[in-house]
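Enquirer: No sequence on hand, only this structure:
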């Protein structure tokens, strides 16, 4: 059975990946995999979430102080 061009390309890519792995221990291969892990949430979304939480707490504290000192 003749390979299609996409199969041939995939086989060459797989062979190149395996050639890069040759001569390396499992520990070395797993170190690379661990370094490539990314956070599921980007930093921008984390900063926005922190801003909303901290800003909301800050505004709530100001309103509580105004209501506490304003009632006397």
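Expert: That came in fine, so what should we check first? Remember, predicted model here, so these are calculated numbers, not experimental data. Numbers count the residues shown, from 1 in each chain.
Enquirer: Which SSE is immediately downstream of the lowest-mean-pLDDT helix or strand in the chain?
Expert: Least confident element among the helices and strands of the chain, by mean pLDDT, DSSP states H and E: helix 26-35 (a mean of 69). Helices and strands here follow DSSP states H and E; after helix 26-35, the next one along the chain is helix 43-70.
Enquirer: how close does the residue positioned nearest the centre of the chain sit to residue 45?
Expert: Closest to where the C-alpha atoms of the chain average out (CA atoms, centre = their mean) is residue 39, at 1.8 Å. From residue 39 over to residue 45 the distance is 10 Å, taken as CB to CB, to the nearest Å. For every residue, glycine as well, the C-beta is placed using N, CA and C.
Enquirer: Next one, pLDDT for residue 22 please.
Expert: On pLDDT, residue 22 comes in at 78.
Enquirer: what are the phi and psi values for it?
Expert: For residue 22, the backbone dihedrals (degrees, to the nearest 10) come out as phi -60, psi 140.
Enquirer: Count the residues that sit near it.
Expert: Residue 22: 6 surrounding residues under other CB atoms under 10 Å.
Enquirer: What residue spans form the domains of the chain?
Expert: The record's domain split for the chain, according to automatic domain parsing, is 1-37, 40-72.
Enquirer: what's the average pLDDT for the shortest one?
Expert: Averaged over domain 40-72, pLDDT sits at 91.
Enquirer: picking that back up, next one: phi and psi at the residue nearest to the centre of the chain?
Expert: phi -70, psi 140.
Enquirer: That one and residue 50: what is the separation?
Expert: From residue 39 across to residue 50, the span is 14 Å (CB to CB).
Enquirer: cool, and residue 58?
Expert: 12 Å.
Enquirer: And for residue 20?
Expert: Distance of residue 20 to residue 50, computed by CB to CB: 40 Å.
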